[in-house]
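*Asks:* this one's structure only:
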């Protein structure tokens, strides 16, 4: 407990509760707190501070490029990433994004090499792309592991409509691909 000096005896004794800095915890009034948080959020954006991505955001690598260990071309070069590879944006800074690939590796990429166009990558040894979103539907084509496919739309039942670079399209199970 917080102590004070009693002027006449030089002994320490606890302060009365009304003088303690931290007395009983109080409930937070969220209605009063939200406007303050909103002002802080808006002012941080206005001041140019970047915030981490709030939701999962997937982008596609637009050109063959180098990935770095830091948000700078002076950072160590980690590896080269292929065009059309999907990545998950983890952090966005001025001109740079920290991304995660399908294998879970983290690295920095210049934002100019990321496209809003979505793609997915095959994680199964061989993905079966069907003509319709149905297990009984005939195969449209098969795609091997690490093949990138253009993401078109997600459908009920765990199906995803995709298109191969050669133009063939069909439906694949979401558990056979990464980038959703």
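*Replies:* Here it is on my side, so go on. Since the model is a prediction, treat every value here as computed from it, not as a measurement. Residues are numbered from 1 along each chain as shown.
*Asks:* Would you tell me what helix or strand residue 143 is located in?
*Replies:* Using DSSP states H and E, residue 143 falls within strand 139-144.
*Asks:* got a list of contacts for that strand?
*Replies:* 122, 125-131, 149, 164, 168-172 (CB atoms under 8 Å, 6 or more residues apart in numbering). The C-beta positions use only the backbone N, C-alpha and C, and glycine is treated the same way.
*Asks:* neighbour-wise, which of those residues leads?
*Replies:* residue 149 (28 neighbours; other CB atoms under 10 Å).
*Asks:* distance of that one from residue 70?
*Replies:* 31 Å (CB to CB, to the nearest Å).
*Asks:* swap in residue 77?
*Replies:* Distance from residue 77 to residue 70, by CB to CB: 11 Å.
*Asks:* follow-up on the earlier one: which among the contacts of strand 139-144 gets closest to residue 109?
*Replies:* residue 149 (20.5 Å; CB to CB).
*Asks:* Now name the helix or strand holding that closest one.
*Replies:* Using DSSP H and E, residue 149 maps to strand 148-155.
*Asks:* Who are the packing partners of that strand?
*Replies:* Packed against strand 148-155 by the contact rule (3 or more CB pairs under 8 Å, 6 or more residues apart in numbering; DSSP states H and E) you find strand 119-122, strand 159-163, strand 169-173.
*Asks:* now the angle from it to strand 159-163?
*Replies:* Counting by axes from the mean of the first three to the mean of the last three CA atoms, to 10 degrees, strand 148-155 lies at 140 degrees to strand 159-163.
*Asks:* In the sheet, which strands lie alongside strand 148-155, parallel or antiparallel?
*Replies:* strand 119-122 (antiparallel), strand 159-163 (antiparallel) (DSSP bridges).
*Asks:* sorry, back to before: can you tell me which of the helices and strands packed on strand 148-155 is nearest to residue 63?
*Replies:* Judging the helices and strands packed on strand 148-155 by CB to CB, what sits closest to residue 63 is strand 119-122, at 13.3 Å.
*Asks:* Can you name the element that comes right after that closest one?
*Replies:* strand 126-130.
*Asks:* mean confidence score for that following strand?
*Replies:* Mean per-residue pLDDT for strand 126-130: 96.
*Asks:* again with stretch 154-167
*Replies:* So the average pLDDT for stretch 154-167 ends up being 95.
*Asks:* next one: stretch 73-80
*Replies:* 93.
*Asks:* Ends of that stretch, what's the gap?
*Replies:* 13 Å (CA to CA, to the nearest Å).
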